[in-house]
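A.B. asks: quick one, fold the following:
(chains A and B)
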Amino acid sequence: MADMAPRKTTARPSGAPWLSLKYREMLEAWLFVSPTFIGFLIFFLGPLVAIVYFSTTEWNLLSQQSTFIGLRNFENALLENPDFWHVVRNSVVFALGLVPLNMALALALALALSRPFRGVVFFRTIFFAPVITSAIAWAIVWKFLLQGEGGAVNQMLAWIGIDGPNWLRQPNWAMAAVIVTRVIKMVGLNMILYIAALQSIPRDYEEAATLEGASRRQIFRMITWPLLAPTTLVIMVLTTIGSFKVFDHIYQMTGGGPENGTLVLAFYIYQQGFKFFNVGYASALALIMFVIVMALTLVQVMLRRREME
Amino acid sequence: MKTVIKLAVSALALCALSAPSIAQELRVTVWTGSDAHLKMLNGIAAGFIAKHPGVTVKFETVPVADYTQKLTFQVAGGNAPDVAWMMEDAAPAFENAGLLMDIGPTLKATEGYNFDDFSQPAMALWQKDGKVYGVPFSTSPFLIYYNKDMFDKAGVEDPNQLAAKGEWNMQKFQEVAKKVTDANPGKWGFEFKDGEGYASRMTHALLPPVRAYGGELWADGQCGLDKPEAVAAVKQLHDMVFKDKSIVPPGEQGDYFSGNSAMTVNQISRASKMPEAGFKWGIAPLPSGPAGEAPVIGQAALTVFDSGKNKQLAAELVAEMTTKENVAIMAQFFPPARKSVLESDAFVNSNKLIPAEQMKNVAAAIVNGRVHPAHEKVPQIFAAMAPRVDALWKPDANVEEALKGVCAAIQPLL
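C.D. replies: Coordinates of the predicted model:
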């Protein structure tokens, strides 16, 4: 605070101010947000606009030849290329598996860990630790654990008489495996959000309900769950977006295989853009993904709003 | 105002004075980060700088995993290096895009260069219509690495002993792999290259046996994997994986370098990993097959970008780096393609880790070896192949049908 005073005097010349207070404040405000705003323009909005243009071209990165082809890239993806719909289907399956599982588990953990008891911090830390673990390291370790015969998971299953599958080599099991391992990695984040939300619910409500003779289940259904609704919406939107953007996990664990069983949209875009250098086509795909995620988010927000009314 | 002018003038003068030295920096992209490699490269560059005063040479390390990708982005950004190490699978795409300079005239005009000293098979990938787009600095054959301890435990002769008797062939390979597996429970007889035989190295896993049987992955725009020779070779591998259980199967990790497999295929650069492996080891040629010996080599070359401002100078640098003397220096790390160096005692004794007897295997494989088939669209071909190859590596797969599927998927791209 101390250094604020001299600055004010130097900023205001002795004569009449050359800007009225209102404009000066506006200018200051803009100056304050400008570092972030300029960064946003250059690193976010710029590329976003550029991608719209790229998506209308056929651009070979190596030979530097770019031809305007209108909507051909979109036509190709949506109508002609069978891979595209296969990939979208995989992404949807991934999201449908991941989002409910992640949210249910996060809520269950939050309910268990939102009250103080001995060791609660320890358990919260345990469940949150995977979130800050490197995604690549996480995937490598799971690749070891999920080996067909020598893997720890299957060895444990063998103790209880189950002959486990070769997890990462069979398309359906591989999808299940990447979903579950991703949930375990990311659930801690949603758990923390839920714990925060639970702790902000005044205890009076619950006490009043208990006095009225409500069961724990009733309290959860009639009080806790409705009050968690805004948090649930945020978590749902963020988790859905995250599930469509999943890349590093797939890249390391399955590389999109086996038999393209885990080839999801973000990985497919990477393949087209950074392996085949089809920049135009990859840009079109990225735009399509943008629209899908945007639409899903809007639908979720609208549903929620209707529910709350 | 006067001060400003004075300052500007002196700045200009400074620029003019220093211009010759900063104008000519040659930037060379490489994928090695090894201090020993960079020291050697800088030493070679020092010789060049001594002959060209005012020129500097800067080696820029780009991580190997996304080397080609980063190089592509540098080119796209109008910032191509002057000289670049180029991987064999990237060469056709860069060549066809017209990005590489024909350095043939410069090489041939260099005094004492003797261009014909380079082994012809080794140069095949880098020459087209009489033009020379690169000079291989590393021509590294695929070899069998074996774990002598595991062979001894099984009481089986090792690949070199078998090779000496002329018995080191695909049949014997299957036989010993099975015996060694049986004698070392929980381990395997063979691991595909880098443990990636079902993923990023799927074609490297198939190529040596397919060639030993007289087949090819593809040639002249025709897929070769559904031909009888290739089918027979892959059937044998399939039996080894799923019947004999002597090759590390899909979804398992059986790292040779940690002692979990008795054999693998790799190149001599990996010998540097062996001292810490903790077991007795050796290198042997690839097993021969019905079609005789079919050595496979991996290559990397020095190339010059046509867009460079100093491309003539860059071409001279490449010539300097690949003279007979410098190739002999590089040979300690990178197997040479110059016949005179290959035949020299210096080369056979150059690697402290590998006995001279075994280095002769390396030299022989370089002279006769052929690279992995090239194609402009290798990334697309691999991506199209991957799901079909996944279908092949299943216990109940019909190998012939699966290989037809692979060919159907890649034929349009070829």
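A.B. asks: what sits against residue 267?
C.D. replies: All of this refers to chain A. A:247, A:250-251, A:256 (C-beta atoms under 8 Å, 6 or more residues apart in numbering or on different chains). Every residue, glycine included, has its C-beta placed from N, CA and C.
A.B. asks: my bad, the chain I had in mind was chain B
C.D. replies: Taking C-beta under 8 Å, 6+ apart as the test, what B:Gln267 contacts is B:140-143, B:298.
A.B. asks: turn these into TSV, columns for neighbour count and distance to B:Phe347.
C.D. replies: TSV is the format used below for those (neighbours: other C-beta atoms under 10 Å in any protein chain shown; distance: C-beta to C-beta, whole Å):
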residue	neighbour count	distance to B:Phe347
B:Ser140	24	13
B:Pro141	23	13
B:Phe142	21	18
B:Leu143	26	15
B:Gly298	21	18
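A.B. asks: what about the residue of the stretch 151-300 of chain B found nearest chain A, how many residues nearby?
C.D. replies: Shortest the stretch 151-300 of chain B-to-chain A distance, computed as C-beta to the nearest C-beta: residue-wise this is B:Gly251, at 3.9 Å. The number of residues packed near B:Gly251 is 23, by other C-beta atoms under 10 Å in any protein chain shown.
A.B. asks: isn't it up against A:Pro165?
C.D. replies: No: contact criterion C-beta atoms under 8 Å: B:Gly251 and A:Pro165 do not qualify, at 9.3 Å.
A.B. asks: give me the common contacts of the two.
C.D. replies: Taking C-beta under 8 Å, 6+ apart as the contact rule, the neighbours common to B:Gly251 and A:Pro165 are A:Gly148.
A.B. asks: picking that back up, among the contacts of B:Gln267, which are in strands?
C.D. replies: Secondary structure defined by DSSP state E assigns B:140-141, B:143, B:298 of the contacts of B:Gln267 to strands.
A.B. asks: so which of those are also by chain A?
C.D. replies: Applying C-beta under 8 Å from any C-beta of the partner chain, the subset of the ones in strands among the contacts of B:Gln267 adjacent to chain A is empty.
A.B. asks: pick out the most distant pair among those.
C.D. replies: The most widely separated members of these, counting by C-beta to C-beta, are B:Leu143 and B:Gly298 (10.9 Å).
A.B. asks: nearest to chain A: which residue in the stretch 51-200 of chain B?
C.D. replies: Minimum separation of the stretch 51-200 of chain B from chain A (C-beta to the nearest C-beta) falls at B:Ala97, amounting to 4.0 Å.
A.B. asks: now do the contacts for that residue.
C.D. replies: A:60, A:62-63.
A.B. asks: in the stretch 151-300 of chain B, which spans are strands?
C.D. replies: According to DSSP state E, counting those that start in this stretch, the stretch 151-300 of chain B carries its strands in the segments B:188-191, B:218-219, B:222-223, B:261-266, B:281-284, B:296-304.
A.B. asks: close to chain B: what parts of the stretch 1-150 of chain A are there?
C.D. replies: Near chain B, the residues belonging to the stretch 1-150 of chain A are A:60-64, A:143-144, A:146-150 when assessed by C-beta under 8 Å from any C-beta.
A.B. asks: low pLDDT regions in chain B?
C.D. replies: In the prediction, chain B carries residues with pLDDT under 70 at positions B:1-23.
A.B. asks: and it, what are its domain boundaries?
C.D. replies: According to the domain assignment given by automatic domain parsing, chain B is divided into the following structural domains: B:18-140+B:298-371, B:143-294+B:377-413.
A.B. asks: closest to A:Gln300 out of the ones you listed?
C.D. replies: Ranking the domains of chain B by their distance to A:Gln300 (criterion: C-beta to C-beta) puts domain B:143-294+B:377-413 first, at 32.9 Å.
A.B. asks: buried stuff in the longest helix seen in chain A?
C.D. replies: Ordering each helix of chain A by length in residues (DSSP state H) puts helix A:82-113 first. Buried residues in helix A:82-113, counting neighbours by 16 or more other C-beta atoms under 10 Å in any protein chain shown, are found at A:83-84, A:87-88, A:90-95, A:97-99, A:101-103, A:105-107, A:109-110, A:113.
A.B. asks: give me the mean pLDDT for that helix.
C.D. replies: Regarding helix A:82-113, the rounded mean pLDDT is 94.
A.B. asks: how far does that helix sit from the chain's center?
C.D. replies: Centroid separation between helix A:82-113 and its chain, computed with C-alpha atoms, centre = their mean, to the nearest Å, is 11 Å.
A.B. asks: and it, what does it pack against?
C.D. replies: Here helix A:82-113 is seen to pack against helix A:120-132, helix A:171-199, helix A:229-244, helix A:265-270 when contacts are counted using 3 or more C-beta pairs under 8 Å, 6 or more residues apart in numbering or on different chains; DSSP states H and E.
A.B. asks: most centrally placed residue in chain A?
C.D. replies: Nearest to the centroid of the C-alpha atoms of chain A, with distances taken as C-alpha atoms, centre = their mean, sits A:Gly242, at 1.8 Å.
A.B. asks: number of nearby residues for the nearest residue to it once chain neighbours are set aside?
C.D. replies: Setting aside the residues directly before and after it, A:Gly242 is nearest to A:Met186 in space (C-beta to C-beta, 6 or more residues apart in numbering or on different chains), at 7.1 Å. Taking other C-beta under 10 Å as the neighbour definition, A:Met186 ends up with a count of 23.
A.B. asks: give the contact list for B:Lys131.
C.D. replies: Residues touching B:Lys131, when contacts are defined by C-beta under 8 Å, 6+ apart, comprise B:102, B:104.
A.B. asks: phi, psi of it?
C.D. replies: With angles defined as degrees, to the nearest 10, B:Lys131 sits at phi -100, psi 150.
A.B. asks: what bridges to it?
C.D. replies: Beta-bridge partners of B:Lys131, counted by DSSP bridges, are B:Lys128.
A.B. asks: give me the low-pLDDT residue ranges for chain A?
C.D. replies: Confidence mapping of chain A against pLDDT under 70 gives the ranges A:1-17, A:308-309.
A.B. asks: leaving out sequence neighbours, find the closest residue to A:Leu71.
C.D. replies: Once flanking residues are discounted, A:Leu71 sits nearest to A:Thr56: 7.0 Å by C-beta to C-beta, 6+ apart.
A.B. asks: can you tell me the centre-most residue of chain B?
C.D. replies: Within chain B, the residue whose C-alpha comes closest to the C-alpha centroid is B:Gly298; the distance, by C-alpha atoms, centre = their mean, is 2.9 Å.
A.B. asks: what sits against it?
C.D. replies: For B:Gly298, the contacting residues are B:88, B:138-142, B:267, B:371-372, taking C-beta under 8 Å, 6+ apart as the criterion.
A.B. asks: mind doing that once more with 10 Å?
C.D. replies: Taking C-beta atoms under 10 Å, 6 or more residues apart in numbering or on different chains as the criterion, B:Gly298 is in contact with B:87-89, B:138-142, B:193, B:204, B:266-267, B:269, B:335, B:369, B:371-372.
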